[in-house]
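1. predicted model, plus sequence, below.
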Amino acid sequence: MLLVLKLHNPRTPVRKGLAAIDWLGSALIIGATLQLLFGFEFGGVTYPWKSVTVIALIVFSIITFAVAFLVEKYYAEYPVIPLRLFKSGRNIAAFGVCFVHGIVFISGSYYLPLYFQAVVGASSLLSGAYLLAYALSLSFVSAGIGIWMKKTGQYLPPIVFGMLFLTLGFGLFIDLGSRVNWAKIVIYQIIAGIGVGPNFQSPLIALHSGLEPRDIAAGTSTFQFIRQLGTSISIVIGGVVFQNGMQRQYPTLLAELGPKLADQLSGGNAAANVGLVASLTGEQGRVARDAFWNSLRDMFIVFTAISAAGLLISPFVGRRKLSKEHTEHKTGLQTLARRDNKESQSEPTSEGEKST
């Protein structure tokens, strides 16, 4: 990039550059995101879902997001997330696919090793090796789809294809079971990886095809923020479903394993004591593995349903013809200011005519 990337990059004084940053909008979006994640994290584990703490965090996160929306629309001169990105239904669909993809794909990377360590009995190192079927398949498919899109100029088929296989793959994970079956483990991971690979770049290409050059950077950063928000929420959702599932099975664990082991394998303690499950043998080991698998299965059911929602959204991304022509976009505050002035001057007047 250092050798070949050419950008029109006018120098901006540090003071003007800092003043142009959307500090308030950024702070509100970060604050709202943290409140939402803490609310999900605490719910049902640290505090009951109906507790004041959980309800307040979730409600105030929604309020803070609403305030951030108003700031981005009416106050910020150069908003960190321009709302014009969401004027197109196709753009919204691309963001939706990105969000669902982020939620589902990271759950495989994060929770399949938990399955390998707790149910299969693998070490942390081996659990990473067992994940290679998932990691390699998504990597090769992602690279292949990039080449295919470059040659054909089409991005919608990979999006729909990816969401279809993603739903199928995570649906098959529900059938893994507490008894180790290596054929299922490898084949199901490959199918899920084939579904993950296409949607790393395809929705972003779809988004870029509908944006003006000046919005490419903001659109890309918004896309990545939505993906990161999805991955963060995914870990929280998976943790909540898993911990609640283990807590639900506490009476069975108490009766079969005794209070000491049951306390170590219930609620928020379960994932931290995954090594304990692998060390248990005989009937105790079977009971513990079955409990872990039951909770993981509930989690895979949730992620399959989320992926199915993404599959339903994916056709609405639509088709646009990708252009091979390149138009240089001039960056800098002066360019942004001139374009904003042109837009404000071209808005319809009260008589319904456009000003000149």
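-> That came through, no problem.

2. so who does P113 touch?
-> Under the criterion of Cβ atoms under 8 Å, 6 or more residues apart in numbering, the contact list for P113 reads S124, S127, G128, Y130, L131. Bear in mind the C-beta positions are built from the backbone N, C-alpha and C, glycine included.

3. go again using 6 Å as the cut-off
-> S127 (Cβ atoms under 6 Å, 6 or more residues apart in numbering).

4. pull out the buried positions in the helix or strand where it lies.
-> Taking DSSP states H and E as the criterion, P113 maps to helix 89-115. Across helix 89-115, burial judged by 16 or more other Cβ atoms under 10 Å covers 90-108, 111-115.

5. buried set for the next helix or strand after that helix?
-> Later in the chain than helix 89-115, the nearest helix or strand by DSSP H and E is helix 124-130. By neighbour count on 16+ other Cβ under 10 Å, the buried set for helix 124-130 is S127, Y130.

6. following helix 124-130, which helix or strand comes up?
-> Downstream of helix 124-130 (by DSSP H and E), the next one is helix 132-152.

7. where does F65 fall, phi/psi-wise?
-> phi -60, psi -40 (degrees, to the nearest 10).

8. look up how far G31 lies from it.
-> Per Cβ to Cβ, to the nearest Å, F65 is found 9 Å from G31.

9. ok so, going back, the inter-axis angle of the helix holding P113 versus helix 132-152?
-> Here helix 89-115 runs at an angle of 160 degrees relative to helix 132-152 (axes from the mean of the first three to the mean of the last three Cα atoms, to 10 degrees).

10. what mean pLDDT does helix 89-115 have?
-> In this model, helix 89-115 has a mean pLDDT of 92.

11. so how far is it off the chain centroid?
-> Centroid displacement of helix 89-115 relative to its chain, using Cα atoms, centre = their mean, to the nearest Å, is 4 Å.

12. and for stretch 68-78?
-> 25 Å.

13. can you list the buried residues in that stretch?
-> So stretch 68-78, judged by 16+ other Cβ under 10 Å, has buried residues A68, F69, V71, E72, A76.

14. how close does the nearest residue to the third one once chain neighbours are set aside get to G17?
-> Looking back up the chat, that one is V71. Nearest residue to V71, sequence neighbours excluded (Cβ to Cβ, 6 or more residues apart in numbering): G25, at 4.9 Å. Counting by Cβ to Cβ, the separation of G25 from G17 is 16 Å.

15. between the two, which one's more packed in?
-> G25 (22 against 12; other Cβ atoms under 10 Å).

16. that one and E72 touch, don't they?
-> Yes. Using Cβ atoms under 6 Å, G25 is in contact with E72, at 5.2 Å.

17. tell me the mean pLDDT over the helix or strand harbouring A27?
-> Using DSSP H and E, A27 sits in helix 23-42. When pLDDT is averaged over helix 23-42, the result is 88.

18. for the closest residue to F316 other than its chain neighbours, give its distance to P203.
-> Nearest residue to F316 in three dimensions, chain neighbours excluded: A93, at 3.9 Å (Cβ to Cβ, 6+ apart). Separation of A93 from P203 (Cβ to Cβ) stands at 8 Å.

19. same question, Y110
-> From Y110 to P203 the distance is 21 Å (Cβ to Cβ).

20. show me where pLDDT drops low in this protein?
-> Counting by pLDDT under 70, the ranges of the chain that qualify are 7-9, 44-45, 267-268, 321, 323-356.

21. who's in contact with the closest residue to S139 other than its chain neighbours?
-> Nearest residue to S139, sequence neighbours excluded (Cβ to Cβ, 6+ apart): G197, at 7.0 Å. Residues counted as contacts of G197 (Cβ under 6 Å, 6+ apart) are L138, V141, S142.

22. in which helix or strand does I159 reside?
-> Counting by DSSP H and E, I159 is found in helix 156-173.

23. who are the packing partners of that helix?
-> helix 182-196, helix 282-313 (3 or more Cβ pairs under 6 Å, 6 or more residues apart in numbering; DSSP states H and E).

24. how many residues are close by A262?
-> 22.

25. shouldn't it be in contact with E256?
-> No. When contacts are counted by Cβ under 6 Å, A262 is not listed as touching E256 (8.2 Å).

26. joint contacts of F65 and G31?
-> In contact with both F65 and G31: no residue, using Cβ under 6 Å, 6+ apart.

27. R179 versus N294, what's the distance?
-> 13 Å.

28. those two - which one has more neighbours?
-> Neighbour tally, N294 and R179, criterion other Cβ under 10 Å: the higher count belongs to N294, 17 against 11.

29. and the gap between that one and F140?
-> 33 Å.

30. do L83 as well
-> 38 Å.

31. again, but for S123
-> Distance from S123 to F140, by Cβ to Cβ: 26 Å.

32. L311 now?
-> 22 Å.

33. kindly report the same for W23.
-> 42 Å.

34. for W293, list the residues it contacts.
-> Taking Cβ under 6 Å, 6+ apart as the test, what W293 contacts is V119, S178.

35. do the same with P203
-> A94, V97, C98.
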